[in-house]
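K.L.:
Pasting a predicted model and its sequence here:
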Amino acid sequence: MKVALLSDCYLPRLGGIEVQVHDLAGHLRDRGHHVEVFTATPGEHGERHGATSVVDGVTVHHHALRLPADLPVNPLAPLRMRHELRPYDVAHVHMGVVSPFAVDAAFLTTRLGLPTAMTWHCMLDRTTPVVRGLGVVRRWAAGGMAMSAVSDVAAQPLREVVGDAGPVAVLPNGIDVAAWSPAPAPRADGVVRIVTAMRLARRKRPLPFVRLLRRMRDLLDPAVRVEVDILGEGPDRGQVERYLAEHGMTGWVHLPGRVPRAELPARYAAADVYVSPGELESFGIAALEARTVGLPVVGRQGSGIGEFVTDGVNGYLTAGDDDLAAALARLAADPALRARMRRHNLEHPPAQGWSHVVEAAEREYARAIAGARR
């Protein structure tokens, strides 16, 4: 099958959608499909205006303009892609919080009559009434476009939008279980290490996170030594640094910056707990990676993390920041609890292994082809 993956963002830009679309392309190729990627992100060497590059064996069409901060916007891209997409059997559009390129691509594939699957990587949340009112997504579904979301919690508002125009499936993010199962790093320093990976931007809540870390520290016996690594970069870094300095937290809360993905398994293996403080996590791929390494995961109720974390079994799902601080303090104070949860995670690999996810993607492509014929 010839598959076109369409996404606003792609490597070398780093983020959840970028990495997932890259990995999906590789695993589809390994299953014998011909896969190419179309994106509004420039290539590693500045490829733009439809120029191509090859990333890990997959051809990538970079329909990027020269814009400030390399914004992934190009209203002219459909003019060229109209001819490029004709030979494909199916298109797979990946939607984020704001996805002008993906939206343009969906309009284009509809006009071309190209069977299309659309996966939502975001939580519609407060925008659900607006999206429902516009009616575009419902018309796409009624026209045979196969709709899916990365978790059931992300699928629920999409189902409200689509209504009876068609089903909304769950196509989760995937993970290479073997690659994320390194041996735990031996340690004897007695320090409890908490780790998180996030973009330091308001939507990911880095400032509320460091505030709740203060509450966690107040709940703990002073004899319990804790260190926290916040992996990532973003526009809110300055605010976070100022807060840490003002409250005397720089000695135990660290901001190493962006860490190469290849280093993350070892980073997680050397930690004791992973925390995901975001309220609108549609899935939480970094949390799934940490859970696969074995770490107990602490996150929020009503987020996609509930797809692979069972409260009290291999982590905690909390109702708010106070509960989250209390759960972290509980884990930091109880090494036996941490060991039990780690053992459970290692003995029960997650269901989101790539072999299952690629099969689910193929089912979505078959559904899109059937819908287009209908």
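P.N.:
It's in. Numbers count the residues shown, from 1 in each chain.

K.L.:
and the nearest residue to Gly50 once chain neighbours are set aside, helix, strand or coil?
P.N.:
Spatial nearest neighbour of Gly50, excluding adjacent residues (C-beta to C-beta, 6 or more residues apart in numbering): Arg80 at 5.0 Å. Just so you know, the C-beta spots here come from the backbone N, C-alpha and C atoms, and that holds for glycine as well. What DSSP: H, G, I helix; E, B strand; the rest coil gives for Arg80 is helix.

K.L.:
do Arg217 as well
P.N.:
Applying three-state DSSP: Arg217 is helix.

K.L.:
so what's the residue nearest to it when sequence neighbours are not counted up against?
P.N.:
Nearest residue to Arg217, sequence neighbours excluded (C-beta to C-beta, 6+ apart): Val226, at 6.8 Å. Listed by C-beta atoms under 8 Å, 6 or more residues apart in numbering, the contact set of Val226 reads Val191, Val192, Arg193, Ile194, Met216, Arg217, Leu220, Trp252, Ala332.

K.L.:
do His121 as well
P.N.:
His121 sits next to Gly16, Ile17, Gln20, His94, Met95, Gly96, Ala149, Val150, Ala154, Asn173, Ser282, Phe283 when contact means C-beta under 8 Å, 6+ apart.

K.L.:
Throw those into CSV and include distance to Glu44 and secondary structure, thanks.
P.N.:
As requested, the contacts of His121 are exported to CSV (distance: C-beta to C-beta, whole Å; DSSP: H, G, I helix; E, B strand; the rest coil):
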residue, distance to Glu44, secondary structure
Gly16, 19, helix
Ile17, 18, helix
Gln20, 19, helix
His94, 20, strand
Met95, 24, strand
Gly96, 21, coil
Ala149, 30, strand
Val150, 26, coil
Ala154, 30, helix
Asn173, 23, coil
Ser282, 27, coil
Phe283, 26, coil
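
K.L.:
will you turn those residues into a markdown table that also has neighbour count and distance to Val259?
P.N.:
Shown next, in a markdown table, are those (neighbours: other C-beta atoms under 10 Å; distance: C-beta to C-beta, whole Å):
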| residue | neighbour count | distance to Val259 |
| --- | --- | --- |
| Gly16 | 20 | 15 |
| Ile17 | 24 | 19 |
| Gln20 | 22 | 18 |
| His94 | 27 | 24 |
| Met95 | 24 | 27 |
| Gly96 | 19 | 22 |
| Ala149 | 28 | 28 |
| Val150 | 30 | 23 |
| Ala154 | 27 | 26 |
| Asn173 | 25 | 19 |
| Ser282 | 26 | 22 |
| Phe283 | 25 | 20 |
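
K.L.:
min pLDDT across these, which one?
P.N.:
On pLDDT alone, Gly16 ranks lowest of those, at 84.

K.L.:
That one reaches Asn173, doesn't it?
P.N.:
Yes - the criterion here is C-beta atoms under 8 Å, and Gly16 meets it with Asn173 at 7.3 Å.

K.L.:
residues bridging contact with the two, i.e. touching both?
P.N.:
Listed as contacting both Gly16 and Asn173 by C-beta under 8 Å, 6+ apart are His121, Phe283, Ile285.

K.L.:
Is it possible to mark the buried ones in the contacts of Val226?
P.N.:
Val192, Arg193, Ile194, Met216, Arg217, Leu220, Ala332 (16 or more other C-beta atoms under 10 Å).

K.L.:
Strands - which of the residues you listed land there?
P.N.:
Among those, DSSP state E puts Val192, Arg193, Ile194 in strands.

K.L.:
Of the residues you listed, which is the nearest to Asn74?
P.N.:
Ile194 (40.5 Å; C-beta to C-beta).
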